[in-house]
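*Asks:* Got a predicted structure here, sequence first:
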Amino acid sequence: MKVGVCWTKRTVDGDDVMGAVARGIQEHGDEVVHIRKPRDVEQDVDCYTQICTYNRPIDTDTLHKPQYVFRKKILDHCIATGKRLLILDSGMILGGAEYNIAKEVGDKADPDFYFSAGWDGLKRYAWYYPRMSNDRWAATGLELHPFRYSPDKPILVIGQVPYGAGCQGVDCNQWFRSRLSKLGEEIGRKPKVIIRAHGRLYFKPHRRKYAEDLTVKAVGDVCDYTVSNKMRLSDDLADAGITLCYSSNAAVRSIVEGVPVVLGSDISMAWNVVDHNSKFLFPYVPHDSLRRAWAQYIGYTQWRKSELASGAMWNHHKSYATGRSLLEEMETRRGCIP
């Protein structure tokens with residue numbers, strides 16, 4: 001089999017990941033065709049793989065940036081030819097952002113952190129082909145904590161980044177405002193809120209402050225808020241009664257920690273185990289058997305970097321590299337086309 005390995009994120013980390021993927025593919029005797037520029041996309045290969053994918057640009061200038069042109073060319077070519085695209089991105093849990101924060105605060109941090117890998121989409125819109133096994137979830141070393149909900153505790157509002165896959169064409173801060181305003185009307189007072197920036201911004205102080213200020217500007221007059229000064233997400237979750245986020249992977253961590261979630265976008269991997277109707281007073285708590293099955297599924301959405309290089313990830317996905325059903329084609333278009 002010939003695989004087009006597309007170098008779509010030209011950073012040290014991005015190149016490191018795609019180099020590991022290429023080595024893993026070769027470990028199984030398959031041929032790698034390296035694709036580094038848009039003009040080289042149309043190759044005689046069986047499938048493609050890349051890190052990150054094309055999202056709708058947040059402004060007209062973004063449209064012309066090289067990485068967006070490159071990713072859009074790959075997406076268009078795969079749709080036109082019916083070839084499958086294996087997309088890598090941040091892990092659903094224990095990914096790079098969590099690793100960097102853990103390292104910063106002096107916690108035990110495993111540098112062999114996770115990346116998601118799925119066919120023809122991102123997050124819940126991708127195809128992972130999980131097996132009926134708990135082995136991969138068990139390998140994370142994470143435990144599912146009992147659910148705890150206290151209406152007296154504040155709501156943890158977790159911000160988004162505007163270039164996120166689930167946020168295209170959506171003003172997430174206004175979505176937060178509408179939910180908190182409705183709750184305030186129901187309870188007759190301003191709800192207590194902790195505002196936390198998206199995990200990717202924690203090592204970009206100016207962008208983090210800017211994002212926090214935008215959230216405060218949007219919701220500050222409809223809630224009694226504080227802005228978190230804590231690095232660990234788990235510390236904020238310990239202080240919260242419920243989590244409010246739009247599509248962030250932080251929802252996955254919240255469910256694992258036993259904190260109910262109100263979520264906005266069905267692209268999130270937590271969608272099947274959270275509240276979709278903004279029921280803050282009586283939040284949805286999934287049955288334990290459903291949450292365990294969901295955790296098993298999460299285990300097959302992500303792979304450690306060492307597993308990319310060893311070929312373990314490719315060994316799981318290889319048999320799905322060619323051919324797709326009509327349903328898969330529809331889901332691909334739903335998940336990837338802007």
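*Replies:* Looks like it came in fine. Everything numeric here is computed off the predicted structure, so don't read it as measured data. Numbers count the residues shown, from 1 in each chain.
*Asks:* Could you list the domains of the protein?
*Replies:* As recorded under automatic domain parsing, the domains making up the chain are 2-129+302-336, 155-296.
*Asks:* From the centroid of this protein, which residue is nearest?
*Replies:* What sits nearest the mean C-alpha location of the chain, by Cα atoms, centre = their mean, is residue 249, with 4.6 Å.
*Asks:* which residues sit in contact with the closest residue to residue 21 other than its chain neighbours?
*Replies:* Spatial nearest neighbour of residue 21, chain neighbours left out: residue 308 (5.1 Å); criterion: Cβ to Cβ, 6 or more residues apart in numbering. Where you see a C-beta, it was placed from the backbone N, CA and C, and this is true even at glycine. Shown in contact with residue 308 (Cβ atoms under 8 Å, 6 or more residues apart in numbering): 17, 20-21, 23-24, 88, 115, 117, 314.
*Asks:* For residue 308, pull up the helix or strand it's in.
*Replies:* Using DSSP states H and E, residue 308 sits in helix 305-310.
*Asks:* returning to that earlier point: just the contacts of residue 308: which are in strands?
*Replies:* 88, 115, 117 (DSSP state E).
*Asks:* Tally up the residues packed near the second one, please.
*Replies:* Other residues near residue 115 number 23, with proximity taken as other Cβ atoms under 10 Å.
*Asks:* Any idea what it is bridged to?
*Replies:* According to DSSP bridges, the residues that bridge with residue 115 are residue 90, residue 303.
*Asks:* Give me the local confidence score for residue 324.
*Replies:* With respect to pLDDT, residue 324 scores 62.
*Asks:* What sits closest to residue 48 if chain neighbours are left out?
*Replies:* With sequence-adjacent residues excluded and distances taken as Cβ to Cβ, 6+ apart, residue 48 is closest to residue 4, at 4.2 Å.
*Asks:* That neighbour looks like it's in a helix, true?
*Replies:* No. Assessed with DSSP: H, G, I helix; E, B strand; the rest coil, residue 4 is strand; it does not lie in a helix.
*Asks:* mind listing what it touches?
*Replies:* So residue 4 contacts 33, 35, 41, 43, 45, 47-49 (Cβ under 8 Å, 6+ apart).
*Asks:* repeat for residue 166
*Replies:* 123, 160, 246-248, 264-265, 267-268.
*Asks:* let's see it at 6 Å
*Replies:* For residue 166, the contacting residues are 247, 265, 267, by Cβ atoms under 6 Å, 6 or more residues apart in numbering.
*Asks:* Now do the SS call for the first one.
*Replies:* Read that as residue 247. With three-state DSSP as the criterion, residue 247 reads coil.
*Asks:* from memory it sits against residue 266, does it?
*Replies:* No. The pair residue 247 and residue 266 fails to qualify as a contact (Cβ atoms under 6 Å) at a distance of 8.5 Å.
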